[in-house]
Every structure is written in structure tokens, then in C-alpha cells.
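>>> Just the structure for this:
(chains A, B, C and D)
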Amino acid sequence: MKKEPAYTIDELICTCISHQIEDGEVVAQGIATPLVAAGYLLAKLTHAPNLTFISAIGQSLCTNWAPLGVATIERLWIEQGIVTYDFVTAACDLLPHFGPKEFFRPGQVDPFGNFNNVFMGGTYQHPRLRLPGSGGIADVTPYEERVCLYVPRHGRHTFVESLDFRSGLGHIPTRQRGSGPRYLVSDLGQFDFGGENGRMRLTTLHPGVTLSRLQAKTGFPLLLPDPLPYTEPPTAQELHLLRDTIDPLGVRQLETLRGAARREKLRQILAAEAGKTG
Amino acid sequence: MKKEPAYTIDELICTCISHQIEDGEVVAQGIATPLVAAGYLLAKLTHAPNLTFISAIGQSLCTNWAPLGVATIERLWIEQGIVTYDFVTAACDLLPHFGPKEFFRPGQVDPFGNFNNVFMGGTYQHPRLRLPGSGGIADVTPYEERVCLYVPRHGRHTFVESLDFRSGLGHIPTRQRGSGPRYLVSDLGQFDFGGENGRMRLTTLHPGVTLSRLQAKTGFPLLLPDPLPYTEPPTAQELHLLRDTIDPLGVRQLETLRGAARREKLRQILAAEAGKTG
Amino acid sequence: MIEKVRPLTAVLPHIQNGHTLGLGGMTLYRRPAAFVRALIQQKHPPQNLTLLTFTAGFASDLLIGAGLVSTVRTCYFGLESFGLAPMFTQKASTDEITIIEESEASIANGLRASMAGIGFLPSRAWQGTDLFSVRPDVQTVIDPYSGERLTAFPAISCDVAVIHVLQADRLGNCRLGGNPTVDEALAMVADTTLITAEEIVERLDAPVDIPGQVVTAVTHLPNGAWPTSCYPRYPLDGEEILRYVEMCGNGRFDEYVKRET
Amino acid sequence: MIEKVRPLTAVLPHIQNGHTLGLGGMTLYRRPAAFVRALIQQKHPPQNLTLLTFTAGFASDLLIGAGLVSTVRTCYFGLESFGLAPMFTQKASTDEITIIEESEASIANGLRASMAGIGFLPSRAWQGTDLFSVRPDVQTVIDPYSGERLTAFPAISCDVAVIHVLQADRLGNCRLGGNPTVDEALAMVADTTLITAEEIVERLDAPVDIPGQVVTAVTHLPNGAWPTSCYPRYPLDGEEILRYVEMCGNGRFDEYVKRET
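Below you'll find the predicted structure:
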């Protein structure tokens, strides 16, 4: 008989993100990043009540919050904002001013935390896969101090020895300001960049993950801690907050699911939202 | 027996300003310039109904209007604005974008329409008279096309051969963009800058002013038209609009009065305003 | 009063072959989707457009799928949780479209420089990244005070901007309704600014978001953002966006666009 | 909740000898006049302040008259229709104060550069004028696209900003009430931002003008802008400003300031 898991991987990632947040910080979040939003809210509802969010949707500073949604997410951010800026002001003045902590999801990441959201494979003119683009990543990574990364589906296509394109600035010797990523969480483990020249290091392995599986899914040799600690699983309170308070619809799962399964989850969420608002 | 004048000099100046306005323009006005405000409103109520005002107080775009005041002027501009900008946005983005027509009152003006609102006499460190400063004049005169000037009290201290300081850019050969002033009105006449190299020319003398008086009060030789036309006096409708609709309190006169007379007029206006709002 | 209300048929011809077309809104929010569908469904739609939009989503993908666009300028092209933008993703690996790689800062500073009428604005963005390798036109400038090298983002111009709004009045004053994106700046820099509006009223009170002074024409298009959102009037229609993604995935883009007539 | 309400006595010591002190509002509108009077009337008021204010008026003239200021940075110093600022005008021709000549654009771009954390912003302002002769620190920069020479306005920093507002909440969120001036930017760039407020409420709803995140402390000072205005609560008190002008004209500044205790 299969044992019911106490938590799912999306919940573990959210919890890891939450633990990276300090009280009083200003945090930013990009487009379609519900794992990050759920992690931030979990921090707010536990150890970081004085958190301020800068949301890409609505361009507002928010200290209030509301449960996550898909069709309703715009409404939530707009209505929670205490002050809303147009995106020109946000990009030119506010993001540089606040230098928020932000979690980015790289299309590719190299051993030094440089990353890529522009294209994978082929050439820039004829890519194998065109990605959505750099958004604000190429803007803020050259000067921000508190960049973090998350990878919902750890694999060799993401963890690469050499990037096809560097749109996110990591630990490189020519950097003028700010810092390469401080932290990375994937569905397999947690990492920092404390190796020589800012090289990625495993800090904890998620429960149930083997080192050989992790290394097989990573396109470069990983620096390893000795002994090998395991990630603390979410507490009952954290799971309760995520499941019942922050994200009852399970929007966070959209980042760990793929293809038809993701579309099916989307339909469930949309139907639940329509039921609530209609 | 002394003949009652049909109009006062402030009314003539307002009317001259009004005649320089074209319908559909965007016009800007600075701090404490009620002659200009009254002139713009006169244009709006006669031939330029689609005028847009950018007001220094309140930093708003206004298409509506209200009668002039002193203690109430902030309320008027704020409440007439259809959209309000902070002054950083106004100075960095909007004034350069709209390049409004604007009437400036120079502390000194030279024959080529360069002008000065910083200091008069002595040196910059030890001036005979420190003026309030350049405001936005040094900013917009290098690129605006539609700069105009007005001088409520024409005199040799204002019309000078050589400036003590150039904070407003006139017609100079090294100008890169925009234009020196197109027009100047004083209490003695109207002028353009159509002479050689943009030199000031008298275009009309105000009724009752002699050429010798004008030249005696001007610190440089003036180019003169031949024959010598006189300024059209305000019409009955213009006087009615100014006196009864636009500026019943006579705020416009604050720019033509001096010293104790001006303070007395201020007290009258303030009392009338207090009576209305209290 | 300068009356700016015009029927859709009167404003569509503003967009001509080779124009830079700016689209308002972002990703799945307040996009001028009905205008875009009408543009595509013309007998002779404009060709070789340069699409300029802060983030590109549903409406932009329609324009790409229908073949109107030869060049794309945006910092993000996708459908958020609904996945990649299918037609953009297909054509991005071909020679059919050229991408002018942008970021939030390059578009924001470019629009702001254009508003101010200057050629560039400096920024710390892009320093150290590979963005310069695909944007060889973007120069750097030295801060004369510190000696720091900064990116000199060039001013961005736009022939026609199309922006969907919650409310407009007959003078062209507009209220966006929330989620302002970069539309106030876009409206200001475009040579021609076309507004489609959920509702047109005689006269809006202050404060408005876009002043009528920068608006060329206003067209009444209720539900004009559908299936993207128009806050607070309606949220995005996720089912319809899923249907779009699935039809495109099955090679049925033309059928999807036709069905919308 | 980070409680930011503080009594006046607790916030006055933030302003130290040699500080750059930014004052909110403009000329005769929403000036922190009560705060300034309290600052002057301290037993040992701070000395050698650099006064930074977009336009300077009544409150700034009090500071000058009381001898707290050694350097002035503003684009306009005057009392509008009430005439020249008497104490500034007297002292401007002496060696008592140094003027750092500013304009609207130099302050606006300087604050914006400071917000963005960069060293300068380019502008067409000042080109061809004599401003450079009295601001030899201000450099120029060449537009790398057009070759045009632009003014490189340096970033402006500020140790303490004091801004009077209509309403604030206990978290420091503020509503200015209209006539925003440059206060949103000033609040953001100052190392310490002190708010004096007509009214303090438990919690303000959106939208606010200054977010509490950039505010150090909030002090309740009803009528704190008098005799300047606090729209819409009260207009400027013109009689009082006339009285000030006339007393200063008769050499009675000290008496005027004393009377206010």
C-alpha cells in the first residue's frame, strides 16, 4: 500500500522560499510565479509580518494580501496595493531604489548563477526554443544584492555548464555592483553560491532525493557538503497555511505540472474561481 | 476735468497676451503671474476655447477654469486639473514633451531676448539685488519654440544692453534648438524679435505712449516700424470678461502695483476672498 | 470641444504597412484584442508591422499568427500560467520575424527618453549581460561624476499606439481602471494614439490617466479586451485562452481567428 | 506593525549640524512651517544646514532669518504675489549664505537620478545659459546616438526631509491632499524622512502618495503648515504672510519669530 505523502514538492519549494525571507524586507515577484507568491505569503503569515510586495501585475506596493488565483490574480494585486505606479516609474525609479529581494525562474542556469530566459539551443536567430524573454532580469541582476533562483523541475536542460545566452548576471569577476544569486531551490534540493568564485554548492538535499539522481539531473559537477543534510520538511502549520489560507485552489502547482496535466489543473482553478465570483 | 480711462494698463497687457494665443494650444504659467493667467483665460473665453493650461501650482493639465484669486489660487488649479502630475514628472517629462507656449517676466532682458531672473547689479556672490531664481526658465528656453515675455513696468533697469546673468536663452547664434522669444509686451508697447540676428523691434506703441518716453525707458536703441502703429485697445467684451468674469478681484493688478499700494491691494483681495469662503 | 469619438472603420486605416504599432496593456490584461481581431480581419491588413509592447501576450500572438508582424519589440512574450505564446514561439525560430530584444528597463527608459524628447537615458540595467550582443545598436555612456559605465537606452518612437481603456470621454480623456502598465507613456510618445473604450461618457472628472490632449481618436468597443481582462469590469477568460492555446497546438490558428468574426 | 508615530521632541534631534535638510511643499503651500518654528526655537538649533527645497518660500525664509542655513539649493526663493522673501533677499548679497543655483530640471532630474541610484540624468535644460558658470560642478554628456551635448544633472542626496501632509497613518503612509510638488521623490531619496501630519489615522486606504516604507517617523501637527496652506483643509493665510513681510521690512524678524512660540 502506497504511503500518502505528507506534503507535495510545490509545498516544499514554497516553504524553502518562505524561509529565505526576512521580516521588513521588500520583495518583488514576476509574472506567473505562484510558487514565489505562495512562499512570500507564507513568510508574511509566519515570521515576516512586515513584508512589502512589489507585484509585476498592477505595479503596486502591497502590505496586505489575499489568496492566490489565476483569473482573479490581477484583481487581488490591484486591490491590495497601497500605492500603484505606472511601469515606467516602476522600472526606472522604484526597482533600482528598493532593490527588492526577488526569486527568478531561469530557463538555464550555469554553475556560477548566471542564467538565461531568452532562448535555448540553436542560435539567437534560429533558436531551438525561444523563451518569453528577460523581462526585468537583465535590468536588476547587474545591481541587486538579494537575487534568488528557483527551478520547479530540476534537469540537465536547466542546469548547464555553459549558457546559450546570459540574460541574468551571476557571479562573474567583471561584475561592478550587486551580487550574483545568493540561493537556489529546486525540486531536488537547496543550493548556495559559496564555492570558489561564487560556484553553486548543494546545501541540503530534499527528503527522498538521492545524490546520484541529483547529479544525473545536473549538467555540471556539484560542490557537496559533508555530511549531507536534508531539507527540513514543511511543518503542519505551514502546510495548513498554504493549503487552506494562502492557496486553497492550488495555483502554486501550475509551476510543477506540465502539458495536459497543467491545463487540466488550470481548468479546475478557473472553474472554482468562476463559481466563487459568479 | 480728467477723463476717466476706458481701461487700465493691466487690462491692456492681458488683452495683448490673449491675442498671442491660438486655439488648441497648450500654455504654461509660472508662479505669481496673474496677468498671464488672466490673458490665457481671456483667450479661452473668446477665440481659444480648446486651450489647455499647465499650471505651476498643482502641476495639472486643465481645460476648465475658474476666476483668479490669491489665497484661493491653489484650490482653483488643483480642482480644475483633469490630471495632476508630481513636479518631477512635470519637469523631466511633460514640459519637454508638450513644449508649451509660456509667458515669462524677465528681471532683465537684452536686445536679443536673452533674459535674467537670478540677480541684478554687483556680482553673483555679492549682488545688488538677488532675484527669486530661474525656476524653469533656464530649462525650457533652450528648446521651446514659443517663448514670450511680458514686462509690467517698462524701465531701463529691465531693458538692458547687457545682462548681469543669462538664465533665459534668447536669440543667440550658438542656440541648438527651439527659438528665442517670439514676442514681448510691456506697459508701453508690443515687440517682436524680427530684427537682424533676432533683435527686438517695436511693433506697436500702446495708446498714449510717446516714442521718446519709450526710448528713454529702454536701455538700448529700439528698432522701429514706419509708420508707427498703435496697439488696439481692449474691446468692451474683453473688458467685461476680465473685470466681471475672469478676475473680479483685480488680482492681475498685483503685477503692476508696487510697495504699499500692492500690499493694500493684496489686503483688499484677501478680505474679499475671506468673505466669500467664510 | 474637439470631438474625438470615431467608429472602428474610421480608425483602422491609421495603421499602415511598415508602421511601428504599440499595443497597450500587459500580457493578459487590458489588451486591445477586439481592435487586433478587426485589424487582422480586414481585406488587406497592414504588413511588415513592428510590434512594440511592454509585455506581449494574447493580442500580440494573434498579430504574429496572422502574419502582420515582421519585427517584435518586447521584454516578455508569453501567456503567463497558460504557457508560451504559441504563434510567437513557432515563428521565433524562423526568419519570418526579427526580434529586437528588450527588457523592462530598455522599454521604460526608451519611452521616458522619447517623452522628454532626448536621445537616451542612462541605466545600470544590462551591464555584464549578453543583451548587448543582440542589440549592437545600444550604446554605453560614462557617468561624468563617477566614471561608471552605464547603458544608454535609446529613445523609442511609435507610429500608432492602440490602448484599451475602461472609460473615455468625448475629448479623449481616459481612465485605465487599474494596472496602468506603460500606457500613459505610450499614449504620449505615439504619433497617433487610438483608444478603444469599454464605455464612452460625455465628460470624465479628474483624475484621468491619459489626457485627451495626446489622444487622436476614441472608439467604443465594449468587451474590447476579451478574452484578456478589463479590470474591474471583467477578469481574463481563462477558458478561452486555453482554447486558443489548444487550437494553436493542433495547427488550427486560422480556424480560431476566423471563428471570431 | 511598525509603529512610526513620534512626538515632535523625539524627531527634532534628527537634524544635525551640517545636514542637508529637505523641505516639502512649494512656496506658500503645504510647507512644514510648525516644524521649522520648533526647530528654530530649540535651545541649540542645528547650524550650517544646507537647505534643499524645490521652491523656497515662507518656511525657508524663517530658517534663513534665524541663521540656521549656510547653503541654499532651490530653483525659486520668493513669496509669490507677496513679494521677495525678505530674509533671503537680505542675506543673499552677503557672505552669510552660499547659493547652489538650481532650476526645476536640475532638482527634478537630480532627485530622479538619486531614486534610481545612478549618478546623473541627461537633459536639454541649461544649454546656452550662464547657469554653468555658477555651477562649475555640473558636467555635460554627449548623446551617443545624435552627438548632441546634454546637461548631466548630478544626483541629489538629502540627509533629512521634512514633509507636511494632510493625512498619515501609523505605518507612515501619507496622503498629500493635492499639489504633490516633488515630495514623493524627496521622501524616497532622503536618508531620514520625517512627516508632520494634520491628521493621523489608524490605517489609510489606497491610494496613498508616500508609502510608509520610505518614512522614518510621523508627527501629529495640526495646522502644521500655517500660515502656508494645507489643501483642502485650509488656504494660505495671506494676512499673516503680509505681517511677516512688513515686520521683516522693519527689521523685526527676531520679534516675529519670538511671537510664534
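
>>> can we go C-alpha only for contacts and neighbour counts from here?
Fine.

>>> now the strands for the chain?
You didn't say which chain, so I picked chain A. Using DSSP state E, the strands of chain A run over residues A:26-29, A:52-55, A:60-62, A:81-84, A:101-104, A:108-109, A:115-116, A:119-122, A:127-130, A:147-151, A:183-186, A:189-192, A:201-205.

>>> actually it's chain C I care about, not the one you picked
Residue ranges of the strands in chain C, as given by DSSP E, are C:20-23, C:49-52, C:69-74, C:98-101, C:120-123, C:139-142, C:149-154, C:158-169, C:174-175, C:190-201, C:217-220.

>>> quick one, which of these is nearest to B:Leu149?
Taking Cα to Cα as the measure, those were each checked against B:Leu149, and strand C:190-201 came out nearest at 30.3 Å.

>>> how about the residues of the stretch 151-278 of chain A that lie near chain C?
Of all the residues in the stretch 151-278 of chain A, those in contact range of chain C (Cα under 8 Å from any Cα of the partner chain) are A:165-169, A:174-175, A:254-255, A:263, A:266-267, A:270.

>>> which residue sits closest to C:Gly249 in space, ignoring its chain neighbours?
Taking Cα to Cα, 6 or more residues apart in numbering or on different chains, and ignoring the residues beside it in sequence, C:Gly249 has C:Pro86 as its nearest neighbour in space, at 7.0 Å.

>>> residues near that neighbour, how many?
When counting by other Cα atoms under 10 Å in any protein chain shown, one arrives at 26 neighbours for C:Pro86.

>>> can I assume it is in contact with C:Asn250?
No. Because the distance of 10.4 Å does not satisfy Cα atoms under 8 Å, C:Pro86 is recorded as not touching C:Asn250.

>>> pLDDT weak spots in the chain?
I went with chain A, as the question did not name one. Residues of chain A that meet the criterion pLDDT under 70 lie in A:1-5, A:277-278.

>>> you looked at the wrong chain, it should be chain C
C:1, C:259-261.

>>> cutoff 50 now
Counting by pLDDT under 50, chain C shows low-confidence ranges at C:260-261.

>>> So which residues on it come close to chain B?
Contact residues, chain C versus chain B (Cα under 8 Å from any Cα): C:1-2, C:112, C:115-117, C:205-211.

>>> 7 Å instead, please
Where proximity means Cα under 7 Å from any Cα of the partner chain, the interface of chain C facing chain B comprises C:Met1, C:Arg112, C:Met115, C:Ala116, C:Gly117, C:Asp205, C:Ala206, C:Pro207, C:Val208, C:Asp209, C:Pro211.

>>> mind giving me a markdown table with these and columns for distance to A:Gly198 and neighbour count?
Formatted as a markdown table, the residues of chain C next to chain B follow (distance: Cα to Cα, whole Å; neighbours: other Cα atoms under 10 Å in any protein chain shown):
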| residue | distance to A:Gly198 | neighbour count |
| --- | --- | --- |
| C:Met1 | 64 | 8 |
| C:Arg112 | 36 | 31 |
| C:Met115 | 41 | 25 |
| C:Ala116 | 41 | 26 |
| C:Gly117 | 42 | 22 |
| C:Asp205 | 55 | 13 |
| C:Ala206 | 53 | 17 |
| C:Pro207 | 50 | 16 |
| C:Val208 | 49 | 20 |
| C:Asp209 | 45 | 21 |
| C:Pro211 | 50 | 22 |
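
>>> For stretch C:22-41, measure first residue to last.
Terminal residues of stretch C:22-41 lie 19 Å apart, using Cα to Cα, to the nearest Å.

>>> need the contact list for the residue nearest to C:Met26 when sequence neighbours are not counted.
With Cα to Cα, 6+ apart as the criterion, C:Met26 has its nearest non-adjacent residue at 5.2 Å, and that residue is C:Thr55. Residues in contact with C:Thr55 (Cα atoms under 7 Å, 6 or more residues apart in numbering or on different chains) are C:Met26, C:Thr27, C:Thr74, C:Cys75, C:Tyr76, C:Phe77.

>>> Could you report the neighbour count for the residue nearest to the second one when sequence neighbours are not counted?
Nearest non-adjacent residue to C:Thr27, counting by Cα to Cα, 6+ apart: C:Gly57, 4.1 Å away. C:Gly57 is flanked by 26 other residues according to other Cα under 10 Å.

>>> do the same with the one 3 residues further on
Using other Cα under 10 Å, C:Ser60 has 28 neighbouring residues.

>>> how far away is it from C:Arg31?
Note on C:Ser60: its distance to C:Arg31, by Cα to Cα, is 9 Å.

>>> so who does residue 206 touch?
In the absence of a named chain, chain A is used. Applying Cα under 7 Å, 6+ apart, one finds that A:His206 lies in contact with A:Leu188, A:Gly189, A:Tyr230, A:Thr231.

>>> hm, I was asking about chain C
By Cα under 7 Å, 6+ apart, C:Ala206 lies in contact with B:Gly81, B:Ile82, B:Val83.

>>> can you pick the most crowded of those residues?
Ranked by neighbour count (other Cα under 10 Å), the contacts of C:Ala206 have B:Gly81 at the top, with 25 neighbours.

>>> Nearest residue to it in space, ignoring adjacent ones along the chain?
Taking Cα to Cα, 6+ apart as the measure, B:Gly81 lies nearest to B:Cys62, with 4.3 Å between them; neighbours along the chain are not counted.

>>> So what's the residue count around the residue of the stretch 151-278 of chain A found nearest chain D?
The nearest approach of the stretch 151-278 of chain A to chain D comes at A:Arg177, 11.5 Å away (Cα to the nearest Cα). A:Arg177 has 13 neighbouring residues, counting by other Cα under 10 Å.

>>> Taking chain A, what residue is nearest to chain B?
Of all residues in chain A, the one sitting closest to chain B is A:Thr89 (9.6 Å; Cα to the nearest Cα).
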